[in-house]
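Enquirer: Provide a 3D model corresponding to the input given below.
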Amino acid sequence: MKNQKGKVYLVGAGPGDCNLMTVRSHKLLSQAEVLIYDALIDIPQLELIPPTCQKIEVGKRGGKPSTQQQEINRLLVEHCKLGKQVVRLKSGDPFIFGRSSSEIQALIIAGCDFEVIPGISSALSAPLLAGIPLTDPVMSRCFAVMSAHEPDALEWEALVQIETLVILMGGRNLSEIIWQLQKHGRSPETPIAIIRDCGRPEQQIWLGTLSNIVQQTAGQSLSPCVIVIGEVVRLREYLIQPESTNMIDTPVTTNNRQLPLAGKTILVTRSVSQSAEFSDRLQQQGARVIEMPALVIGPPSTWEPLDSAIAQLSSFHWLILTSHNAVDCFFQRLQAKGKDARSLFGIKIAVVGKKTADSLRSHSLQPDFIPPNFVADSLVENFPDNLQNCKILFPRVESGGREVLVKEFTAQGAQVIEVPAYQSCCPETIDPIALSALQNQAVNIITFASSKTVHNFCNLIEKSPPLSGSQDWLESVCIASIGPETSKSCQNLLGKLDVEAKEYTLDGLTEAIVQWVTDYQNL
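Expert: Take a look at the predicted model:
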């Protein structure tokens, strides 16, 4: 988007969750110079916008004043002719009730360059996120999508013949929709689902039938919602998680506002290969997650020490693995040298932490020893064997660490052979989405799962002038650490620590964050 000539991108924002937007949409938003957006756009999506971007809200929320379409057209043309890269951000997909035709015609007449970027329409995503399939070999061989903004304009006599109906913009006209469907022959016992705020932490669902849904939702604000009508609604009972299952003939309200981390934006600093699992844990608790990789895992500068150790594995009594990375890199190199787990016959294996133990089990091996506190110091304190004349292989990160472990083992008579199995480097640049969120002070919690990520995070911040010159962005942010060593780095480098996991695992860190948020909200 470095062109001198202006261009307008009509971008579909999807249902509201940044994770459900396309990669191209993310990139365009992070580079936009002017943003013209609808009122239904979610706040986290706006966090992707650079601080220097000019933001113009143009309404388009049902029942409230909106900018006239002619004025929106004028704004698009005006900013494009100024040579700006303009993102016209629309809910869902630009071509599904998005009024894009008028805007495109105005751009063509003005000679403006433009591009349309598809998005996931709420007509498709809302039923999916609620566990309702729109098609089924028996119950629904087709479905129709319509807007009920003007219900009198719809051909109800034809619509009632279609097995599944998906209705947008129908919350304020629910009674009229129900009346029209029953008037034209649809059974009062036809299942119906109303899904409000789909894809957001506050998503809410009502289930019922045409005969009782109006009474169920009386007094509720339903906009913005998607209404699904048809027998496929009954399939939800069989397609949602077991703990969420409800009897289909019982009115159901699912309100995710009760999730403890709803409304919180959390920055995860783990490496790309390791962040997904932790992010999923946080999202299941209602959090919005932004991933900012602060580690890049790669091979060591030389394999010679590890290869030499592998060649004489039978001489070792113990193999110590203190991280998921150490496990994976050691076994990858073992395989590269034409060996497998059988080469470890007669060697005992100690690991630090549940995650490391799980990684070892993925190679069909059980650890012989896991220290109780999931830290390396605990490994020394609780080691089960006499260390006198014990030969230990310790594959680790090339930059070193765990000095206490090696020192204590050596002091007790062990011979510790340290070999680099991988190196962890700092990324060259900070992720632009994470940078924008930090600049806009949109991050509530930053998580650290190792001291290395704290060091690298600070290095990345120092390379980012908008942040490096001030600590204002950090004042209102909660700093969460997985354990004591990481906490020390947080205190030394960031000058604060708000949360430390009691159990030094990702589950423990998640629990500690949930507890902190709960306590904070109860103050």
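
Enquirer: and stretch 206-216, what's buried?
Expert: W206, L207, G208, T209, L210, I213, Q216 (16 or more other C-beta atoms under 10 Å). Yep, even glycine has a C-beta here, placed from its N, CA and C like the rest.

Enquirer: CA atoms only: put that stretch into CSV for me.
Expert: Extracted C-alpha coordinates of stretch 206-216, given in CSV (Å, rounded to 0.1, in the frame of the first residue of the first chain):
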residue,chain,number,x,y,z
TRP,A,206,-32.4,-17.9,22.2
LEU,A,207,-34.0,-21.2,21.0
GLY,A,208,-37.7,-21.8,20.7
THR,A,209,-40.5,-22.3,18.2
LEU,A,210,-42.6,-19.9,16.2
SER,A,211,-45.3,-20.3,18.9
ASN,A,212,-43.2,-19.1,21.8
ILE,A,213,-40.1,-17.2,20.7
VAL,A,214,-41.8,-13.8,20.9
GLN,A,215,-42.8,-14.4,24.5
GLN,A,216,-39.2,-15.7,25.3
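
Enquirer: need the buried residues of stretch 206-216 in TSV (columns: distance to P300).
Expert: Converted to TSV, the buried residues of stretch 206-216 look like this (distance: C-beta to C-beta, whole Å):
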residue	distance to P300
W206	57
L207	56
G208	61
T209	64
L210	66
I213	63
Q216	62
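
Enquirer: I162 versus E155, what's the distance?
Expert: In this view, E155 and I162 are 11 Å apart by C-beta to C-beta, to the nearest Å.

Enquirer: more crowded one of those two?
Expert: I162 (16 against 9; other C-beta atoms under 10 Å).

Enquirer: what are the ranges of the strands in the stretch 151-300 of the chain?
Expert: For the stretch 151-300 of the chain, the strands defined by DSSP state E, counting those that start in this stretch occupy 164-168, 191-196, 204-209, 225-229, 252-255, 265-268, 288-291, 296-298.

Enquirer: any idea which of those strands is most buried?
Expert: When you average the neighbours per residue for each of those (mean count of other C-beta atoms under 10 Å), strand 225-229 leads with a mean of 27.

Enquirer: pLDDT (mean, whole number) over it?
Expert: The average pLDDT for strand 225-229 rounds to 96.

Enquirer: any residues touching it, and which ones?
Expert: 122-123, 126-127, 130, 132, 134, 148, 164-168, 170-171, 174, 177, 181, 186, 190-198, 210 (C-beta atoms under 8 Å, 6 or more residues apart in numbering).

Enquirer: and the angle for it with strand 191-196?
Expert: Angle of strand 225-229 versus strand 191-196, following axes from the mean of the first three to the mean of the last three C-alpha atoms, to 10 degrees, is 170 degrees.

Enquirer: using CSV, list the CA coordinates for strand 225-229.
Expert: Taking C-alpha atoms only, strand 225-229 is exported to CSV below (Å, rounded to 0.1, in the frame of the first residue of the first chain):
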residue,chain,number,x,y,z
CYS,A,225,-29.1,-10.6,15.3
VAL,A,226,-29.4,-13.4,12.8
ILE,A,227,-32.6,-15.5,12.9
VAL,A,228,-32.5,-19.1,11.7
ILE,A,229,-35.9,-20.9,11.1
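
Enquirer: direction included, what does that strand pair up with?
Expert: Paired neighbours of strand 225-229 in the sheet (DSSP bridges): strand 164-168 (antiparallel), strand 191-196 (antiparallel).

Enquirer: among those strands, which is nearest S450?
Expert: Nearest to S450, of all the strands paired with strand 225-229, is strand 191-196, at 39.8 Å by C-beta to C-beta.

Enquirer: any idea how far that closest one is from the chain center?
Expert: 26 Å (C-alpha atoms, centre = their mean, to the nearest Å).

Enquirer: for that strand, which outside residues touch it?
Expert: Counting by C-beta under 8 Å, 6+ apart, 126-127, 129-130, 132, 171, 174, 203-210, 213, 217, 222-234, 236, 248 sit against strand 191-196.

Enquirer: circling back: just the buried residues of stretch 206-216: which has the poorest pLDDT?
Expert: Confidence-wise, Q216 trails the rest of those, at 88.

Enquirer: that residue reaches T209, doesn't it?
Expert: No: the pair Q216 / T209 is not scored as a contact, 9.5 Å apart, by C-beta atoms under 8 Å.

Enquirer: picking that back up, closest to K463 out of the buried residues of stretch 206-216?
Expert: W206 (49.3 Å).

Enquirer: that closest one and Q216 touch, don't they?
Expert: Yes: using C-beta under 8 Å, W206 is in contact with Q216, at 5.6 Å.

Enquirer: and the longest strand seen in the chain, what other elements does it pack with?
Expert: Counting by DSSP state E, the longest strand found in the chain is strand 415-425. Counting contacts by 3 or more C-beta pairs under 8 Å, 6 or more residues apart in numbering; DSSP states H and E, strand 415-425 is packed against strand 296-298, helix 304-311, helix 324-336, strand 391-397, helix 403-411.

Enquirer: can I get these in JSON lines including distance to G59 and mean pLDDT?
Expert: Shown next, in JSON lines, are those (distance: least, C-beta to C-beta, whole Å; pLDDT from 0 to 100):
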{"stretch": "strand 296-298", "distance to G59": "43", "mean pLDDT": "84"}
{"stretch": "helix 304-311", "distance to G59": "62", "mean pLDDT": "95"}
{"stretch": "helix 324-336", "distance to G59": "48", "mean pLDDT": "91"}
{"stretch": "strand 391-397", "distance to G59": "53", "mean pLDDT": "93"}
{"stretch": "helix 403-411", "distance to G59": "61", "mean pLDDT": "85"}
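
Enquirer: got the phi and psi for the nearest residue to S481 once chain neighbours are set aside?
Expert: Nearest residue to S481, sequence neighbours excluded (C-beta to C-beta, 6 or more residues apart in numbering): S487, at 4.2 Å. Main-chain torsions, S487, degrees, to the nearest 10: phi -60, psi -40.

Enquirer: let me know whether S487 touches A480 as I believe.
Expert: No: counting by C-beta under 8 Å, S487 does not reach A480; the two are 9.6 Å apart.

Enquirer: what touches both of the two?
Expert: Counting by C-beta under 8 Å, 6+ apart, the residues touching both S487 and A480 are E500.

Enquirer: compare those two (neighbour count), which wins?
Expert: When S487 and A480 are compared on other C-beta under 10 Å, the one with more neighbours turns out to be A480, at 25 against 20.

Enquirer: any idea which element the more buried one lies in?
Expert: strand 478-481 (DSSP states H and E).

Enquirer: which elements pack onto that strand?
Expert: strand 445-448, helix 484-494, strand 499-500, helix 506-521.

Enquirer: coming back round to it: and the helices and strands packed on strand 415-425: which comes nearest S25?
Expert: The nearest among those, by C-beta to C-beta, is strand 296-298 at 25.5 Å.

Enquirer: now do that closest one: everything it contacts.
Expert: Taking C-beta under 8 Å, 6+ apart as the rule, strand 296-298 contacts S271, V272, S273, N325, C329, Y422, Q423, S424, C425, C426, P427.

Enquirer: would you list the buried entries among those?
Expert: Here, 16+ other C-beta under 10 Å leaves S271, N325, C329, Y422, Q423, S424, C426, P427 buried among the contacts of strand 296-298.

Enquirer: same list, these, but as JSON lines with distance to P465 please.
Expert: Listed next are the buried ones among the contacts of strand 296-298 as JSON lines, based on distance: C-beta to C-beta, whole Å:
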{"residue": "S271", "distance to P465": "25"}
{"residue": "N325", "distance to P465": "32"}
{"residue": "C329", "distance to P465": "35"}
{"residue": "Y422", "distance to P465": "32"}
{"residue": "Q423", "distance to P465": "28"}
{"residue": "S424", "distance to P465": "25"}
{"residue": "C426", "distance to P465": "17"}
{"residue": "P427", "distance to P465": "17"}
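
Enquirer: of the residues you listed, closest to A309?
Expert: With C-beta to C-beta as the yardstick, the closest approach to A309 among those comes from C329, at 12.8 Å.

Enquirer: mind listing the residues bridging to I297?
Expert: Beta-bridge partners, per DSSP bridges, of I297: S424.

Enquirer: just for the stretch 1-150 of the chain, where's the confidence low?
Expert: Scanning the stretch 1-150 of the chain for pLDDT under 70 picks out 1-4, 40-47, 60-65.
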